[in-house]
Structures are given as C-alpha cells and as structure tokens.
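Engineer: Test case, fold it:
(chains A, B and C)
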Amino acid sequence: MNSDTVICRCEEVTLSYILNAINNGAATSKALKLETRAGMGICQGRICRPLLEQVISIYTEGSIPERPDLSSNHPVRPVSLNELAGMGKDLNHADK
Amino acid sequence: MRINEHPVLGRQKKNIVNITCNGVDYEAYEGESIAAALLANDIRTLGYSEKGKEPRGIYCGIGHCYECRVMVNGERNVRACMTRVKDGMRVESQSGELL
Amino acid sequence: MTYDLVVIGSGPAGMSAAINAASYGARVAIVDENPVTGGKLLGQMHEDPDFEWWIGENIAREMTSEVKKLDIDTFLEKEVWGIFPQWNVMLHSGEQLQASNVLIATGAAEKAMPLPGWTKPGVMAIGAAQTLTNYHRVKPGHNVAIIGVDPLSLSVAHELKMADVNVAGIFLPPSNALTSDKSSPMQIIDDLSGMAHLAPNRLMKIAGKMAKNPVMKKAAAKFYPSFGMKVWGIPLFLRKTVLAIEGKEQAETVKTAKIVQNGQLQQENAKSINVDCVCISGGLYPLAELASSAGCAFAYIKELGGHIPLHSPEMETTQEGIFVAGNITGIESAKVAMAQGKLAGTAISDRLGLLNNPQKAVTRARKEVEDASEQALIQFQPNIGYGREKAEQIWREKADL
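Structural biologist: Numbers count the residues shown, from 1 in each chain, chains lettered A, B, ... in the order given. This is a model prediction of the structure:
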C-alpha cells in the first residue's frame, strides 16, 4: 500500500505517519490515537478503529485484544452543551 | 441519475420540492435525503477536509462517518445522508471546521 | 418518560423485539437516528430460488404498521449518546428515557479498505451504493467499479445492473497486509461457496462446488481466466486488482493491474478504466459502541465480524437488563436478526412477568433463531456457525467463573 494512503479519514492521518508512531513505541491503538490523533476525529473511530487494530496487530505481531482497545466513552454521539443544558425537559414529542 | 422505472421495484412517484445548494436552485423529490437529492443533480462534492482541503462526498451513507456534513438553514454539521429535504431548504457546504 | 423497554435501532431486530414485547403488554419505545424506521431493511432485495423477490422495504413497511397499531412510541432523528444505570437512555436532543430493560439493536458498520484515492467524492462504501440505488432510487454513478468480491458486493453489482448502471467490473482489493484474506483468489472462492446455489452463471455454480474440494479449489484459483468471468453480464476479475483511484475533484479513473500465475502484481502494464463511482466492499463489523460504553463484556470473534458484546442464550449481555439482537451480535441475515429480536422481546417479556408459559415461549423463540440461521440463502460471513458456537462457549465459561 502506498504509505501516503490516508487511514484515519477524519484527521487525515496517513499510514506512514502511523508506522512512524509505531516505530517510536506506540504499541496499542490507544497509544496510536494519542500520538497521531487517528481515531480521535468526529466519527469517533467508527471508520478507522478496525484498521488501527489490524495495523497494530500486524506490526507489533500481537493479537487483537478481546475488548476494543479504543473504548467507547460517553458521549457516543456528538451532543452540544446547549442540548445537555436543556436536559430533563418533558417529552411531548414522541412520533406516533 | 434518477431511477424512475425499475424492473422489480416498479415506478416511483414523488412530489417535487425546491431546495438551494450554495445559492443555486435544484429540484428534489419530497422525502429523499439531501445527499441523494444532490447526487441526483450530479453534485458529489459536499465539502472539503479540514487540513488538506480535499474534496469529500458521501462515503458511508449510513450516518457513521460524518463526512457528508453540511449546513442546513444555518445549522452546522447536519449529515446530508440522514436528513430529508424540505421545500425551501437552504443547503451550504462547510469549509471543514467542526463547530 | 418511563418505559418497560427502550429499543435502540428500528431495523429488523429492533422492530421485531418491540412488536413482540408490546404484543405481550409491555410499554415500549423505539429510538432511531434515521427519519424513518426500517434500518438496513431499506435498500435490501434478494431473489430466492423460486425467483420471488424479497424486498426489505416492504417488510419494513409491514413492521412499521404493526409498531403503530401496538402504540409503541417512536423517537426518530434522535441519537442515543449514552446509557446510564439503570437504565437511562440519553438522547442527543436532551430527552432521557427510563426503562428497566434496554435492547441495543444498532446493527453493523462497514470495515474500511483503504487504497490510494479512496477519499475522493464518488468513492463510497458498498452499503451506501445499495441504499442510494434501491431505496433513494438514485444511481451512484453511470460507470461503477466495485472493489471487493463477497456476497454483498456481488448482490449490489446485480442490483446496479438492474437499475441500468454500467458496472465496469468487480475487482480484487489491492493486496497488502491489511487485506490478505480478501485479496487471495483461493480465499474468495472459498467464501463464495456459500452462494453457489444462487449463482446465475453456470461456471460460478461449478466454481462454488469446486470450492468444497480442496484440490479443485487450488486448480480453480490457478486457472481462473485473467479476463474475468461474467456474472449478470458484469466482468468478475479474480486476477485483476485496483492500484489506485484517480481524478481531480472526484473519482474519474481506476488504475488496474493484472495478477499473474505466481501471485505477482504486473504493475508495468497497468490499465486505466473510466468510472464516476467506486464502491468498496470490505466487510461488516458489529456497531457496539453503546454496549461498550454501558460496560458490557466483549469478545473478539473474527467469524462474527469483530468485537461482539457477550450475551446469554436469551440475548442478555453481562449488564442486567441490557439485551442485544441483530448484526450487533454477529453479521448474519435480516431474517436471523428478526428471529433474534423476537427472542430478546420474549425474554424481556418474561422478565416483566408478562408470559403465561415462559419456558415454552423462550424455547420456541430460540428454535426459530436456529432455523433462520440454517435456512439462510446467503451466508455473509463464512464460518458463521463456528463463530456462534465460539460465542456460546465463551459465555458458558464466563458463567462458570
């Protein structure tokens, strides 16, 4: 694969950037995320997480961990502070 | 680009609504997604990436990747693939900033 | 607002569960980020061996009508951003739904298969092309190249052809460490053997049967013609791969190269084909972010598509009151998803004390899931049965701890 190929589409992180980080010691997808920002974009890793896990597994010769290393934390979808502030309001608008 | 007749799904009958995209008028079918409406009008580029300023369009089509995000009636980061067109809707592409 | 059950995802699994529980008297709500119910039923269509067409949108319509009749509250265009004990389902617009039981039926996401130029407009995931064509009735392009050879990409190729789209070819993905199992002709012939009985082309049928015989499979992979074979009039290239997608503002050409007998890439004779759309098929993986954030235990099972939330035979995760059904448990068909949804709905109704004969109902629902899996026309994941067994075994081991 061309090492200029983008792996994390959101943060535009290329394969060569990721391999560099691995050479510098990043051994888990979490470490990769902190080093390169891959997996930190607006899609929250939905697109690139399986790729990052595979790359780590191949280049560090480890196996894919039982629990997703890039764990999902709240909020799992983008939510604005405004909307959070308006929480607990009465629901009258269920669509029937 | 529209499939009005289909050998298995039959004929589709939809009402036409009018939207604008970056100031230009387009015809859309009532109830379709913004992304589908724009694609039907041969528009594939929906925005540009933040860093490299590269053209981006529909990728996942299911609301996961957020690459199709556009501004709708002034509201930012609306996913074009998940949002239905409405008559008079004003769609604008964002330059790539998030908030 | 308080419910007996909140269902997240209105696809085949979610709606089945909601309908089932509501029919026993449970107070149910469904949440979906889409503007309509149906999930991935919308856009799917399959021809069965009797040449009858199964159309997902029609099934979705029937189920939606049931949902309305049973007075199930639906919250559409709402994203769930978190599930907190026990249990509060948080919607992005600020509402909070409270329920003793939650069913996470969020389906699957597509696995990315990167290659140079894959971010250009006009390049999309295969699922996007399917929804655009069969549900939105908009052609994804006039000249389409498909990268990836699997039951889904072949189905969509056929669907594009039916919609009068020119499919320039179905190609192998570029061979690299990340795609090793998807770019090997032997592996692909193996994986396609689950579709052999549906194959329209006589050669494909034979290829499918050959896949079951290891010696014949090796011969098939070796002698597969480099000019491809036609399925539904579309060239299927098991000896050609796409090196790159090129174009200025959008996809305009794909650069293809032959793979010679010994598996080597013939890059010098690369050929460019004009396209305005490229569909990438990398496989599906369970979309389980909510289950993860809610603290459910997971296992990595390749045969199911990736990381799955562990669940009991009645579809309950390690978090009491949180259930799962559908593709989130492993990639299978819509019919299996519906049966799993029904099983989860039954188990939840039992939990709520709404069943007269719980043992009978649950046993019957479990049998329906097994039957749906066995009778599946198309196996999206090869070795799905093995994957399911592995998941059950891990659950039993955990239960013994």
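Engineer: check contacts around residue C:93.
Structural biologist: For residue C:93, the contact set (CB atoms under 8 Å, 6 or more residues apart in numbering or on different chains) comprises A:83, C:78. C-beta coordinates here come from the backbone N, C-alpha and C atoms, glycine included.
Engineer: show me where chain C has helices.
Structural biologist: C:12-23, C:56-69, C:126-134, C:151-162, C:185-192, C:202-210, C:214-223, C:289-293, C:334-351, C:358-374, C:384-400 (DSSP state H).
Engineer: export those helices to JSON lines and tack on mean pLDDT, mean neighbour count and distance to chain A?
Structural biologist: Formatted as JSON lines, these follow (pLDDT from 0 to 100; neighbours: other CB atoms under 10 Å in any protein chain shown; distance: least, CB to the nearest CB, whole Å):
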{"stretch": "helix C:12-23", "mean pLDDT": "98", "mean neighbour count": "29", "distance to chain A": "13"}
{"stretch": "helix C:56-69", "mean pLDDT": "98", "mean neighbour count": "17", "distance to chain A": "7"}
{"stretch": "helix C:126-134", "mean pLDDT": "98", "mean neighbour count": "26", "distance to chain A": "12"}
{"stretch": "helix C:151-162", "mean pLDDT": "93", "mean neighbour count": "22", "distance to chain A": "16"}
{"stretch": "helix C:185-192", "mean pLDDT": "69", "mean neighbour count": "20", "distance to chain A": "16"}
{"stretch": "helix C:202-210", "mean pLDDT": "59", "mean neighbour count": "16", "distance to chain A": "28"}
{"stretch": "helix C:214-223", "mean pLDDT": "65", "mean neighbour count": "14", "distance to chain A": "23"}
{"stretch": "helix C:289-293", "mean pLDDT": "96", "mean neighbour count": "24", "distance to chain A": "4"}
{"stretch": "helix C:334-351", "mean pLDDT": "98", "mean neighbour count": "27", "distance to chain A": "19"}
{"stretch": "helix C:358-374", "mean pLDDT": "96", "mean neighbour count": "16", "distance to chain A": "24"}
{"stretch": "helix C:384-400", "mean pLDDT": "92", "mean neighbour count": "15", "distance to chain A": "9"}
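Engineer: Out of these, the one nearest residue C:269 is which?
Structural biologist: Each of those has some distance to residue C:269 by CB to CB; the shortest is helix C:185-192, at 18.8 Å.
Engineer: if we can go back for a sec, I'd like to know which of the helices of chain C lies nearest to chain B.
Structural biologist: helix C:126-134 (2.6 Å; CB to the nearest CB).
Engineer: closest to residue B:63 out of the helices of chain C?
Structural biologist: Comparison of the helices of chain C against residue B:63 by CB to CB identifies helix C:126-134 as nearest, at 10.5 Å.
Engineer: Relative to residue C:100, which of the helices of chain C is closest?
Structural biologist: Smallest distance to residue C:100 across the helices of chain C (CB to CB): 7.8 Å, for helix C:334-351.
Engineer: Can you name every helix or strand that the closest one contacts?
Structural biologist: strand C:2-8, helix C:12-23, strand C:96-104, strand C:322-324, helix C:358-374 (3 or more CB pairs under 8 Å, 6 or more residues apart in numbering or on different chains; DSSP states H and E).
Engineer: Just put those in JSON lines and tack on distance to residue B:17.
Structural biologist: Shown next, in JSON lines, are those (distance: least, CB to CB, whole Å):
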{"stretch": "strand C:2-8", "distance to residue B:17": "31"}
{"stretch": "helix C:12-23", "distance to residue B:17": "28"}
{"stretch": "strand C:96-104", "distance to residue B:17": "32"}
{"stretch": "strand C:322-324", "distance to residue B:17": "39"}
{"stretch": "helix C:358-374", "distance to residue B:17": "40"}
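Engineer: Find the nearest non-adjacent residue to residue 77, please.
Structural biologist: Since you didn't name a chain, this refers to chain A. Closest residue to residue A:77 apart from its sequence neighbours, by CB to CB, 6 or more residues apart in numbering or on different chains: residue C:79 at 4.1 Å.
Engineer: that's the wrong chain, I wanted chain B
Structural biologist: In space, and not counting its chain neighbours, residue B:77 is closest to residue B:69: 4.7 Å by CB to CB, 6+ apart.
Engineer: Spit out the contact partners of that neighbour.
Structural biologist: Here residue B:69 is in contact with A:42, B:46, B:47, B:76, B:77, B:78, B:79, B:80, B:94 (CB under 8 Å, 6+ apart).
Engineer: From residue A:11, how far off is the first one?
Structural biologist: What it means is residue A:42. 9 Å (CB to CB, to the nearest Å).
Engineer: just residue A:37 next, same as before
Structural biologist: Counting by CB to CB - residue A:37 and residue A:11 are separated by 4 Å.
Engineer: neighbour count winner among these two?
Structural biologist: residue A:11 (21 against 15; other CB atoms under 10 Å in any protein chain shown).
Engineer: Quickly find the element holding that one.
Structural biologist: Counting by DSSP states H and E, no helix or strand carries residue A:11.
Engineer: Tell me the buried residues in the helix ranked longest in chain A?
Structural biologist: Longest helix in chain A, counting residues (DSSP H): helix A:49-59. Across helix A:49-59, burial judged by 16 or more other CB atoms under 10 Å in any protein chain shown covers A:49, A:50, A:51, A:52, A:53, A:54, A:55, A:56.
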